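*Asks:* Any chance you could fold what I've pasted below:
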Amino acid sequence: MAASRFWMLALGTALSLSVQAAEEPFDACDIFTQKDAEAALGTAAQPETFNPKVKRPKVITKCTYTGFKEGKPVSALVEFRFGRTEGDTKSAFGEHRLQVQTKPMMMSGAEAFWSAKTGQMNLRKERTWVQISVGPAKVTDRDPDQARKVAELLLGKI
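*Replies:* This is a model prediction of the structure:
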């Protein structure tokens with residue numbers, strides 16, 4: 001009985017260590033910087049504020065910057081998604097493409113499309129899928145060229 005309990009504890013410890021090792025620290029704002037957002041928006045931008053009393057998670061997949069242009073609020077948002085394998089990511093990316101109205105975008109080294117329905121640029125390179133939103137809150141007023149500039153910038157960083 002004690003031996004089986006020992007092996008269960010050892011197995012549980014090994015599994016928890018492998019999960020922790022697989023979850024490397026990641027912060028989307030380290031890749032999509034405030035300078036990048038300001039260039040995309042064409043105005044000064046501020047990062048999201050975080051409560052300093054709350055411990056931040058180890059993995060932060062979303063980064064948002066906000067500002068004002070011509071008296072109207074604008075934002076730049078980037079969300080990273082990762083698949084276990086390139087095939088998983090490619091499949092999910094393809095399914096999402098079918099769900100939203102899309103316009104294919106040609107980008108060297110990656111798959112990309114613009115969705116006028118969601119006002120987002122979707123970019124996939126290997127196991128990484130990035131959703132990019134740049135501009136005003138109203139999705140129909142967003143410009144795909146602004147999002148494309150961010151996508152090209154991020155493509156060099158991922």
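*Asks:* Could you use CA atoms for every contact and neighbour count after this?
*Replies:* Noted.
*Asks:* Can you list the low-confidence ranges for the protein?
*Replies:* 1-23 (pLDDT under 70).
*Asks:* Helices of the protein, start to end?
*Replies:* Here the chain has its helices, by DSSP state H, at 2-22, 28-31, 34-41, 86-99, 144-155.
*Asks:* could you give the angle of the last one to helix 34-41?
*Replies:* Interaxial angle of helix 144-155 relative to helix 34-41 (axes from the mean of the first three to the mean of the last three C-alpha atoms, to 10 degrees): 160 degrees.
*Asks:* Go through stretch 25-35 and flag the buried ones.
*Replies:* Neighbour-count burial for stretch 25-35, counted by 16 or more other C-alpha atoms under 10 Å, picks out A28, C29, F32, Q34.
*Asks:* no no, stretch 129-137
*Replies:* Those buried within stretch 129-137 under the rule 16+ other C-alpha under 10 Å are W129, V130, Q131, I132, S133, V134, G135, P136.
*Asks:* L77 is in contact with the fourth one, correct?
*Replies:* This points to I132. Yes: under the criterion of C-alpha atoms under 8 Å, I132 makes contact with L77 at 5.8 Å.
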